[in-house]
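Undergrad: no letters, just coordinates:
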């Protein structure tokens with residue numbers, strides 16, 4: 001576990017035990033806003049304790065960018081504080097419980113937590129020291145992101161990854177929503193992006209990902225009109241390849257899953 005100081009107000013907890021998964025803490029005037037929990041309770045507990053010690057603040061809130069286990073697995077240290085989620089969070093959480101066969105004990109635990117539901121947007125903080133959370137979708141229907149205007153920092157969740165390809169093999173991924181969200185980010189005043197997995201990036205990374213997805217969607221739309229098979233699509237000379245290393249073939253998995261859905 002590494003704690004990285006990005007700005008005087010933003011700290012990142014990076015857990016290299018699982019694809020460099022990131023959680024984040026934003027320091028406001030009178031409270032700490034944690035974004036995602038990482039994979040396990042022990043790491044999350046250490047991060048919370050460290051930030052409380054550094055700031056001498058006791059009041060905390062948690063925002064969950066989405067309902068995948070590597071971003072909510074360390075939720076126990078936050079069970080007595082407000083937990084903010086998307087309006088689609090519970091639906092996705094229930095689907096993930098079934099998909100990954102989470103045990104009954106874990107299911108009951110999540111059902112006991114008190115979630116504060118974000119509809120489309122929520123602002124936390126005062127005057128010039130605040131953070132905005134917005135509904136986006138894309139990677140998953142419940143995906144939200146945070147923006148801290150004072151330091152021009154975007155907290156993207158899994159709608160942006162670095163040093164690895166984007167991950168989109170899920171049945172509820174929506175590339176159209178994802179592209180719209182990336183286009184909105186490109187218009188924003190951003191110096192740094194805290195990604196869901198990997199190292200912090202600059203704004204140009206957003207553009208490169210958006211261009212990849214736009215090229216991919218156009219290619220898949222042409223492929224459906226030409227009635228190409230999945231095998232033909234994956235082996236096609238014009239099938240887009242991602243611009244970063246992909247040793248586990250995440251892009252192939254995503255293209256295959258997304259194209260099969262388009263053929264249904």
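TA: Received, thanks. Note that the coordinates shown come from a computational prediction; the quantities given were computed from them, not determined experimentally.
Undergrad: now do the strands in the protein.
TA: Counting by DSSP state E, the segments of the chain that form strands are 2-7, 10-15, 21-27, 32-35, 60-63, 83-86, 115-118, 121-126, 129-135, 144-148, 153-157, 192-195.
Undergrad: make CSV out of these and add mean pLDDT and distance to residue 251.
TA: Placement of C-beta: from N, CA and C, glycine included. CSV is the format used below for the strands of the chain (pLDDT from 0 to 100; distance: least, Cβ to Cβ, whole Å):
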stretch, mean pLDDT, distance to residue 251
strand 2-7, 96, 27
strand 10-15, 97, 23
strand 21-27, 98, 20
strand 32-35, 98, 26
strand 60-63, 98, 29
strand 83-86, 97, 26
strand 115-118, 94, 30
strand 121-126, 96, 32
strand 129-135, 97, 26
strand 144-148, 98, 22
strand 153-157, 98, 19
strand 192-195, 98, 17
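Undergrad: what pLDDT does the model give the residue lying closest to residue 164 once chain neighbours are set aside?
TA: Once flanking residues are discounted, residue 164 sits nearest to residue 198: 5.9 Å by Cβ to Cβ, 6 or more residues apart in numbering. pLDDT recorded at residue 198 is 97.
Undergrad: and if you look at residue 191?
TA: Looking at residue 191, its pLDDT is 98.
Undergrad: from residue 36, how far off is it?
TA: Distance of residue 191 to residue 36, given as Cβ to Cβ, to the nearest Å: 21 Å.
Undergrad: so which of those two has more stuff around it?
TA: Ranked by neighbour count (other Cβ atoms under 10 Å), residue 191 and residue 36 place residue 36 first, with 29 against 12.
Undergrad: okay, the more buried one: pLDDT?
TA: Residue 36 is assigned 98 on the pLDDT scale.
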